[in-house]
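S.K.: Next one to model:
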Amino acid sequence: MSRPLPHPTADTKTFWDGCAIGELRYQVCVHCGHVQFIPGSLCSACHQGDPAWKTSAGRGRILSHTTVHRAPTPAFRDEVPYVIALSDMDEGFRLMVNVKGGASPDVAIGQPVRIGFREVEGVKLPQAEVIA
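M.R.: Numbers count the residues shown, from 1 in each chain. Predicted coordinates for the structure are as follows:
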């Protein structure tokens with residue numbers, strides 16, 4: 001069974017184009033300097049248009065995490081258990097992302113992570129890897 005995959009929009013296309021080539025992209029407002037991730041055509045702080053795209057170094061720290069033991073849909077049945085984490089990225093945005101390696105007891109709040117990419121049905125999705 002096929003799993004749900006992203007459908008790029010005008011606001012998110014640059015993000016997904018970056019993922020396709022191994023880049024994690026986020027936006028910065030050219031007017032007020034606000035960093036944002038969920039992409040949009042307006043700054044979420046000052047509401048000015050055309051935020052600039054930047055490429056993240058892909059490093060951050062785990063703010064929170066949970067282990068999923070029951071698949072939300074049949075498409076995820078073969079992947080459980082797996083860990084989803086909220087990661088505070090060094091550039092100032094927060095990213096919700098799966099953690100590489102399934103359910104690992106080594107995942108802890110405050111641990112450093114590096115973002116890589118996992119290909120799923122032809123789409124590259126961001127994925128965190130805990131840095132030891």
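
S.K.: residues in contact with the residue lying farthest from the centre of the chain?
M.R.: Distance to the chain centre peaks in the chain at residue 31, reaching 24.8 Å (criterion: C-alpha atoms, centre = their mean). Contact analysis of residue 31 by C-beta atoms under 8 Å, 6 or more residues apart in numbering lists 43, 46, 48. For every residue, glycine as well, the C-beta is placed using N, CA and C.

S.K.: Closest one of those to residue 13?
M.R.: Distances from residue 13 to those, taken as C-beta to C-beta, are shortest for residue 43 (18.3 Å).

S.K.: got a list of what that closest one touches?
M.R.: 29, 31, 32, 34, 36, 49, 51.

S.K.: now that we have these, which one has the most neighbours?
M.R.: Of all the contacts of residue 43, residue 51 has the most neighbours under the rule other C-beta atoms under 10 Å, reaching 25 neighbours.

S.K.: Please report how far that one lies from residue 29.
M.R.: Plainly put, residue 51 is 5 Å away from residue 29 if you go by C-beta to C-beta, to the nearest Å.

S.K.: okay, and the common contacts of these two?
M.R.: 36, 43.

S.K.: Now distance to residue 9 too, for the contacts of residue 43, in JSON lines please.
M.R.: Converted to JSON lines, the contacts of residue 43 look like this (distance: C-beta to C-beta, whole Å):
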{"residue": "29", "distance to residue 9": "19"}
{"residue": "31", "distance to residue 9": "23"}
{"residue": "32", "distance to residue 9": "24"}
{"residue": "34", "distance to residue 9": "21"}
{"residue": "36", "distance to residue 9": "15"}
{"residue": "49", "distance to residue 9": "16"}
{"residue": "51", "distance to residue 9": "15"}
